[in-house]
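Asker: Provided below are the primary sequence and the corresponding predicted coordinates.
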Amino acid sequence: MTILDNIPFDFDAEAFQRTTHIDPSAPAGRHTARLIAQAVAAARPKAVYRACYVDEHGDESIELEGTRFSSAALAQNLAEVERVFAYVATCGNELEEMQHAEQDALSQYALDGLKEMFLRTAVEYLKQHLAAEFGIEADALSSMNPGSGNRNVWPIGQQKLLFGLLGDVEASIGVRLNDSFLMVPNKTVSGILFPSSVPFVSCQLCTREHCPLRRAAYTGIAEPVGH
């Protein structure tokens, strides 16, 4: 398992203000502006990954380094792929702890937006790192995520297998699974990155129309994407 815990970031205050509509000069926004500055200074986005080779391709399952995942969609997407990257990326516990300590709704909202921003930073850094280390185009990396999409696509319970494949994720970057297999901090993403000629995201298999995190239209099927 490789740990990326020194991820650089460049906070764009103007973009954050446009996204959240928080005016730092307004009376209600002054405390939040100070909090944002503290949060940006404290934030430590992180990621871990493991390069894995496919041991066995099945119609409804795939085996990676001795760990078998049951998902027809995952098996279909990896049908022509030999090496993938299991990963977890997170905004970091620093922002999670600050959010829990705040009581007012505006501060909670602002910190949630920051957490989302730093999660995106961690994911993009991970892709760029993989591109440099393994000679892969970052834009050619697609992702599947346990629990993303409709419930039968890749069951969220297999988060436990993914974390087991990676190693001690909590000790490495502070991310843990709760009893429902949800990740803490909540602005964390896990899954498998794989090279593909046709971009794929789990949103293509999700029928939730108004999801705020939707990145692609629902197609209903996972087409084999090759590499």
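Answerer: That came in fine, so what should we check first?

Asker: what ranges does this structure have for its helices?
Answerer: With DSSP state H applied, the chain shows helices at 13-20, 27-42, 72-77, 93-101, 105-134, 159-166, 169-173, listed in chain order.

Asker: closest one to residue 65 among those?
Answerer: Ranking these by their distance to residue 65 (criterion: C-beta to C-beta) puts helix 159-166 first, at 6.4 Å. Just so you know, the C-beta spots here come from the backbone N, C-alpha and C atoms, and that holds for glycine as well.

Asker: next one: that closest one to chain centre, how far?
Answerer: Relative to the centre of its chain, helix 159-166 is centred 14 Å away, using C-alpha atoms, centre = their mean, to the nearest Å.

Asker: what is the rounded mean pLDDT of it?
Answerer: This predicted structure assigns helix 159-166 an average pLDDT of 96.

Asker: residues of it that come out buried?
Answerer: Of the residues in helix 159-166, those buried by neighbour count under the rule 16 or more other C-beta atoms under 10 Å are 159, 161, 162, 163, 165, 166.

Asker: the last one and residue 86 touch, don't they?
Answerer: The one in question is residue 166. Yes - the pair residue 166 and residue 86 passes the contact test of C-beta atoms under 8 Å, sitting 5.6 Å apart.

Asker: what is in contact with these two at once?
Answerer: With contacts taken as C-beta atoms under 8 Å, 6 or more residues apart in numbering, residue 166 and residue 86 have 49, 50 as neighbours in common.

Asker: how close does the spatially most central residue of the chain sit to residue 116?
Answerer: By C-alpha atoms, centre = their mean, the chain has its centre lying nearest to residue 189, at 2.4 Å. According to C-beta to C-beta, to the nearest Å, residue 189 stands 11 Å off from residue 116.
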